[in-house]
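Student: Following is a predicted model, sequence given first.
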Amino acid sequence: MVANSYYGFAKNELKYLQSKPVDNFYHPMCGQCQQICEKFLKHLIYLFCSDNKDAESALRSHSLIKLNSVLKDSGIDLELDRKSLSIVKDYYFTARYPGDEFIELTRSDYIEAKLLTDEIYEKVTHYLQQKGYCLECGFPKSDCLCR
């Protein structure tokens, strides 16, 4: 079952990514890493940043830098490396669409993207756990979608 939340979708996509062998298909794998990171960060924004004037536009953004900035401005600092965020954020377009921005991705690109994905998953999950949220759906236990 996939919980109907950014967190639930991100966890489901992460499990799917983990089930695949690391092969030569680095573009879809890096693109998937970007999408997973984006959804985990958006989940925190959705839940905890309603007072931030940039939260609504951040939820329509694909920029990991912008999402992390909104979290930081709202007092949620996951201590994520800006350089890693910047590299992986570009995979939304460069790994998925042809054009001037296209780059050929390698195994090391994927490994770097997967490390950031795992780090964001761990930090978001830890944050939710500290707040007493369900670690399956990502919502407060009183509003848990898993019941």
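Tutor: Cool, the structure landed. Residues are numbered from 1 along each chain as shown.
Student: quick one: least confident helix or strand in the protein?
Tutor: In the chain, no helix or strand scores lower on mean pLDDT, DSSP states H and E than helix 91-94, which sits at a mean of 77.
Student: mind exporting that helix as CSV, just the C-alpha atoms?
Tutor: Output in CSV follows, covering the C-alpha atoms of helix 91-94 (Å, rounded to 0.1, in the frame of the first residue of the first chain):
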residue,chain,number,x,y,z
TYR,A,91,18.8,15.6,-12.7
TYR,A,92,15.1,16.6,-12.9
PHE,A,93,15.7,17.9,-16.4
THR,A,94,19.2,16.8,-17.5
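Student: What are the boundaries of the helices in this structure?
Tutor: For the chain, the helices defined by DSSP state H cover 6-19, 26-48, 55-58, 64-73, 82-89, 91-94, 107-130.
Student: Need the winner for burial among those.
Tutor: helix 26-48 (a mean of 23; mean count of other C-beta atoms under 10 Å). For glycine as for every other residue, the C-beta is placed from the backbone atoms N, C-alpha and C.
Student: Kindly calculate the angle that that one makes with helix 107-130.
Tutor: Angle of helix 26-48 versus helix 107-130, following axes from the mean of the first three to the mean of the last three C-alpha atoms, to 10 degrees, is 20 degrees.
Student: tell me how far helix 26-48 is from the chain's mean position?
Tutor: Averaging C-alpha positions (C-alpha atoms, centre = their mean, to the nearest Å) puts helix 26-48 2 Å from its chain's average.
Student: Please compute how far the least confident helix or strand of the chain lies from its chain's middle.
Tutor: 14 Å.
Student: do the same with stretch 95-109
Tutor: With C-alpha atoms, centre = their mean, you get 19 Å for stretch 95-109.
Student: same check, this time on stretch 42-59
Tutor: The gap between the average C-alpha position of stretch 42-59 and the chain average comes to 14 Å, counting by C-alpha atoms, centre = their mean.
Student: what's the span of that stretch, first residue to last?
Tutor: 6 Å (C-alpha to C-alpha, to the nearest Å).
Student: Pull the residues that contact it.
Tutor: Applying C-beta atoms under 8 Å, 6 or more residues apart in numbering, the contact partners of stretch 42-59 are 5-7, 10, 66-67, 69-71, 73-74, 76, 124, 127, 133, 138-139.
Student: for that stretch, what is the average pLDDT?
Tutor: The average pLDDT within stretch 42-59 is 95.
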